[in-house]
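# Mind folding the following:
(one chain, ligands or ions: 2)
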Amino acid sequence: MKAGFVSLVGRPNAGKSTLLNRLVGQKVAIVSDKPQTTRNRIVGVHNGEGGQIVFVDTPGIHRPLHRLNVRMVDVAIQSISQSDLVCAVVDASEAVGGGDQYLADLLAKAPVPVILALNKIDLVPRNALLPRLEQWSRMAPFKELVPVSALTGENEGVLEAAFLRYLPEGEPLYPQDYLTDQPERAYVAEIVREKVLRHTRDELPFSSAVLVDQFEEVDDKGLMRLYCTILVERESQKPIIIGRGGSMIKQIGTEARQELEAFFNARVYLDLRVKTKANWRDDPRLLDEIGIREE
Ligand SMILES: Nc1nc2c(ncn2[C@@H]2O[C@H](COP(=O)(O)OP(=O)(O)OP(=O)(O)O)[C@@H](O)[C@H]2O)c(=O)[nH]1
Ligand SMILES: [Mg+2]
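Ligands and ions are numbered 1, 2, ... in the order given. Here you go, the predicted model:
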């Protein structure tokens with residue numbers, strides 16, 4: 001039996017979190033069509049016939065402009081040397097550019113084997129795949145290159161088999177029923193943030209964060225009370241999140257509540273408020289508070 005850590009590393013929006021959820025068979029990490037969605041390392045465990053694979057989802061590697069982003073990129077880069085194997089996730093539907101070269105150069109220096117997952121192949125005509133694979137094969141010494149779709153699940157098994165080939169033999173690292181290291185409280189904040197990301201654009205997705213002020217366990221009536229604050233950076237962003245007559249915050253709240261009710265298998269009372277905190281992205285104490293780890 002094999003056992004080990006596989007880090008999912010790549011540029012923002014490549015599909016790392018979608019792939020993590022697919023590989024572990026459950027939603028562990030939030031996903032959005034905006035870049036820089038993932039802000040922390042998230043572990044998701046897969047138990048299969050060949051062994052246990054511990055996946056580590058990481059923030060996308062990008063040029064950091066705030067302390068928040070410096071921490072995010074540090075987490076991603078650190079994880080390259082802290083795992084047994086790296087799975088580089090790249091977007092097959094995008095032309096290879098400068099950011100990809102930067103990533104490839106990082107991966108070329110990795111002290112562990114690197115497998116390339118050429119993701120989003122459902123968006124690409126079949127005859128464009130081979131040239132793209134060839135292009136990537138020249139950029140870094142990948143052990144294997146696997147075309148996949150995290151969205152449809154195509155080639156998921158091929159990718160898993162490739163991981164198992166390069167992982168060490170060993171006993172499972174976690175109990176069979178262990179899924180993720182993300183605490184429930186953090187999951188709540190992430191689900192709310194996912195809905196904020198879904199309904200906002202421009203600068204707001206990057207400059208909002210969610211804090212759980214109070215997390216109450218399910219009471220004897222089967223109700224769970226959750227109190228969260230959505231942080232924005234400027235006073236002018238508040239009315240956007242709240243929406244006309246409160247319509248936006250209501251929509252965000254409803255979607256988050258429904259998903260949390262299904263997840264916790266309980267009725268949820270979700271209280272959302274919006275607060276402005278200037279420059280929170282550069283405030284080390286606030287970053288600590290929202291759980292953005294410093295390496
Ligand atoms: N068509 C298609 N879309 C995909 C696929 N994988 C991911 N996506 C979409 O790509 C977008 C980004 O997905 P994420 O999983 O959030 O990407 P990520 O790499 O985790 O992004 P960051 O956390 O920002 O670094 C979402 O809109 C996904 O639905 C895929 O295989 N095919
Ligand atoms: Mg992600």
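
# contacts, neighbours, all on C-alpha from now
Fine.

# where's the residue of the stretch 151-295 of the chain found nearest ligand 2 relative to Ile230, distance?
Nearest residue of the stretch 151-295 of the chain to ligand 2 (C-alpha to the ion) works out as Glu194 at 10.8 Å. Computed as C-alpha to C-alpha, to the nearest Å, the Glu194 to Ile230 distance reads 12 Å.

# likewise Glu184?
The gap separating Glu184 from Ile230 is 17 Å, by C-alpha to C-alpha.

# More neighbours: the two, which one.
Ranked by neighbour count (other C-alpha atoms under 10 Å), Glu184 and Ile230 place Ile230 first, with 22 against 13.

# Could you give the backbone dihedrals for the more buried one?
In terms of degrees, to the nearest 10, the main-chain angles of Ile230 are phi -90, psi 120.

# Thought Thr200 was touching Ser32, still the case?
No. Using C-alpha atoms under 8 Å as the test, Ser32 is too far from Thr200 to be in contact (10.9 Å).

# Nearest residue to Arg22 in space, please, no chain neighbours.
Ala150 (6.3 Å; C-alpha to C-alpha, 6 or more residues apart in numbering).

# pretty sure the one you found belongs to a helix, no?
No. Counting by DSSP: H, G, I helix; E, B strand; the rest coil, Ala150 falls outside a helix, being coil.

# Settle this for me: it is touching Ala14, isn't it.
No. Contact criterion C-alpha under 8 Å: Ala150 and Ala14 do not qualify, at 9.9 Å.

# higher neighbour count, Ser32 and Thr200?
For Ser32 versus Thr200, neighbours defined as other C-alpha under 10 Å are more numerous around Ser32 (19 against 16).

# does the residue nearest to Ala209 when sequence neighbours are not counted have beta-bridge partners, and which?
Distances taken as C-alpha to C-alpha, 6+ apart place Leu231 nearest to Ala209, at 5.0 Å, with adjacent residues excluded. On the basis of DSSP bridges, Leu231 takes part in beta bridges with Ala209, Lys275.

# ok, now which ones touch Thr254?
Residues counted as contacts of Thr254 (C-alpha atoms under 8 Å, 6 or more residues apart in numbering): none.

# what about it, which SS state?
helix.

# Which pLDDT value goes with it?
What the model reports as pLDDT for Thr254 is 98.

# So it versus ligand 1, what's the distance?
Using C-alpha to the nearest ligand atom, to the nearest Å, one obtains 21 Å as the distance from Thr254 to ligand 1.

# Most proximal residue of the stretch 151-295 of the chain with respect to ligand 1?
Leu151 (4.1 Å; C-alpha to the nearest ligand atom).

# Please give me every residue in contact with that residue.
Counting by C-alpha under 8 Å, 6+ apart, the residues that Leu151 touches are 18-19, 22, 120.

# Max pairwise distance over those: which two?
Pairwise distances across the contacts of Leu151 peak at 13.0 Å for Arg22 and Lys120 (criterion: C-alpha to C-alpha).

# of those two, who's got more company?
For Arg22 versus Lys120, neighbours defined as other C-alpha under 10 Å are more numerous around Lys120 (23 against 19).

# picking up where we left off before, what about the residue nearest to Arg22? Give its phi and psi, please.
As for Ala150, its main-chain torsions (degrees, to the nearest 10) stand at phi -70, psi -30.

# can you give me the strands for the protein?
Listed in chain order, the strands of the chain (DSSP state E) span residues 2-10, 42-48, 51-57, 85-91, 114-119, 144-147, 209-215, 223-232, 267-276.
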